[in-house]
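> this one's structure only:
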């Protein structure tokens, strides 16, 4: 398996932090509120251990999900408890919190826009800084029980190890909380390390 | 602790209200109940991916050879997911019409003496209570016509929803798991 030295880990952490920062700025623009982030947790872990790293709330969550392809293969997901997801839709539409009561087609489209914008910004640090070519599948709205988020993020990932970046976010004074999760399959890590070396010398 | 065998009689239709913090364990207990008390089960899973679910059931020693799964989540995330012999993939968890047509076909086959719907809480995310209520009422009528033992799950947070109040009139019981 790939071993990361402390320099490479720091570089990946920095890229993760930049991505999370851009993503939160994009989310903040969309919902016109301040978005608070935790420091991204970055781990190169066995895929069987990722459920423990993600944790996941004990409630139903709604997520906007897309697959990463190109120089990097993986998954990216913006997930929030159901109520938070509906509040995000309300904020994006400039409506009073609590107006949206279910994730119907219109709400689903709003969540796709939010997921698309946030994922795009999240990935920009990777694609711009490392000059890698990464494409995303169209956003898909999915729901699952919080504890099963890992199953969803690992769907179709066959590798034994993966790079996992997890950032929790909240929007103060609204009860909105959620996670940005990016998972990169182990086969892509070598390419990322090479790109980091190339960029940082 | 609630004994499922005492609370769900043959041919009965019951709503199980599951505490959020125990959902993952309790859903396995419900599957075990069906594997021990029915010959064949139609298992509608809108929360857990078919692959993960079957791995979890196998790990718990639950024989699921006679289960037919209807998975509403896998293809909504990955439309290219591989087909499986004992699983019907729905395009999404949100489309009540698609779900209704497939369930109608399954019920008409008369092959199943057990039915597990997991969960009402999930379809309530995507649809208005009124539409879910009509869907559920129609489904209950089909289940009754075949004398199938059926469980609908709901998370504790939905206990006060209008849907549960309404369907409590059509089912044989609402059981709160502890």
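Everything's here; your move. Worth saying up front: this structure is predicted, and the values here are computed from it rather than measured.
> For the rest of this, base every contact and every neighbour count on C-alpha atoms.
Will do.
> Around chain A, pick out the residues from chain B.
B:20-21, B:23-24, B:46-49, B:52, B:73-74, B:76-78, B:81, B:122, B:124-128 (C-alpha under 8 Å from any C-alpha of the partner chain).
> Tell me who's in contact with residue 69.
Answering for chain A, as no chain was given. A:134-137 (C-alpha atoms under 8 Å, 6 or more residues apart in numbering or on different chains).
> Let me rephrase: I mean chain B.
B:42-45, B:50, B:86-88.
> And the lowest-mean-pLDDT helix or strand in chain A, what does it pack against?
Scoring the helices and strands of chain A by mean pLDDT, DSSP states H and E places helix A:50-54 at the bottom, with a mean of 79. The contact analysis (3 or more C-alpha pairs under 8 Å, 6 or more residues apart in numbering or on different chains; DSSP states H and E) places helix A:50-54 against helix A:149-153.
> for the helix it packs on, the distance to its chain's centre please.
12 Å (C-alpha atoms, centre = their mean, to the nearest Å).
> Please name the strands paired to the helix or strand following that helix in the sheet, noting orientation.
Note on helix A:149-153: by DSSP states H and E, the next helix or strand toward the C-terminus is strand A:161-171. Here strand A:161-171 has these sheet partners by DSSP bridges: strand A:36-37 (antiparallel), strand A:41-46 (antiparallel), strand A:176-185 (antiparallel).
> So, low pLDDT: which residues of chain A?
In the predicted model of chain A, residues A:1-3, A:201 satisfy pLDDT under 70.
> 90 - rerun?
Within chain A, the stretches with pLDDT under 90 are A:1-21, A:37-59, A:72, A:122-130, A:145-166, A:185-201.
> Let me see the ranges of the helices in the chain.
Let's take chain A. A:6-31, A:50-54, A:82-92, A:105-124, A:149-153, A:186-200 (DSSP state H).
> wait, chain B
With DSSP H as the criterion, chain B has helices spanning B:4-7, B:23-37, B:50-59, B:74-77, B:96-109, B:120-126, B:129-145, B:162-167.
> right, so of the ones you listed, which gets closest to residue A:20?
Nearest of the helices of chain B to residue A:20, taken as C-alpha to C-alpha: helix B:74-77 at 22.7 Å.
> can you pick the most crowded of the contacts of residue B:69?
residue B:44 (26 neighbours; other C-alpha atoms under 10 Å in any protein chain shown).
> contacting residues for that one?
Residue B:44 neighbours (C-alpha under 8 Å, 6+ apart): B:69-72, B:115-118.
> of all these, which comes closest to residue A:116?
For the contacts of residue B:44, the nearest to residue A:116 is residue B:72 (22.4 Å; C-alpha to C-alpha).
> Run a quick neighbour tally on the closest one.
26.
> Would you check that my belief about it contacting residue B:87 is correct?
No: using C-alpha atoms under 8 Å, residue B:72 is not in contact with residue B:87; the gap is 10.3 Å.
> What score does residue B:28 have for pLDDT?
According to the prediction, residue B:28 has pLDDT 95.
> pLDDT at the closest residue to it other than its chain neighbours, what is it?
Using C-alpha to C-alpha, 6 or more residues apart in numbering or on different chains and skipping residues adjacent in sequence, the residue nearest residue B:28 is residue B:57, 6.7 Å away. At residue B:57, the pLDDT value in this model is 97.
> and the gap between residue B:57 and chain A?
14 Å (C-alpha to the nearest C-alpha, to the nearest Å).
> neighbours of that residue, just the number please.
Close neighbours of residue B:57, defined as other C-alpha under 10 Å, add up to 17.
> what's the answer for the one 4 residues further on, then?
When neighbours are defined as other C-alpha under 10 Å, residue B:61 has 10 of them.
> now do the one 4 residues further on
Residue B:65: 11 surrounding residues under other C-alpha under 10 Å.
> ok, it to residue A:153 distance?
As for residue B:65, its distance to residue A:153 is 27 Å (criterion: C-alpha to C-alpha, to the nearest Å).
> Check residue B:105 too.
32 Å.
> ok, those two, which is more surrounded?
Shown here are residue B:105 and residue A:153; by other C-alpha under 10 Å, residue A:153 has more neighbours (23 against 10).
> Okay, and the beta partners of the closest residue to the more buried one other than its chain neighbours?
Closest residue in space to residue A:153, ignoring its immediate chain neighbours: residue A:75 at 6.2 Å, by C-alpha to C-alpha, 6+ apart. Note on residue A:75: beta-bridge partners by DSSP bridges are residue A:67, residue A:183.
> can you pull the pLDDT of the most centrally placed residue in chain B?
Against the mean C-alpha coordinate of chain B, by C-alpha atoms, centre = their mean, the closest residue is residue B:117 at 1.1 Å. On pLDDT, residue B:117 comes in at 97.
> Surely it and residue B:154 touch.
No: here residue B:117 does not reach residue B:154: they are 9.2 Å apart, not a contact under C-alpha under 8 Å.
> Could I get the buried residue list for the lowest-mean-pLDDT helix or strand in chain B?
Lowest by mean pLDDT, DSSP H and E among the helices and strands of chain B is helix B:162-167, with a mean of 88. Across helix B:162-167, burial judged by 16 or more other C-alpha atoms under 10 Å in any protein chain shown covers B:163-164, B:166-167.
> what does that helix contact?
B:129-130, B:132-133, B:136-137, B:158.
> The residue of chain B most remote from its centre and residue A:173: what is the separation?
Relative to the C-alpha centroid of chain B, counting by C-alpha atoms, centre = their mean, residue B:80 is the outermost residue, at 24.1 Å. Per C-alpha to C-alpha, residue B:80 is found 40 Å from residue A:173.
> Please apply the same query to residue A:51.
29 Å.
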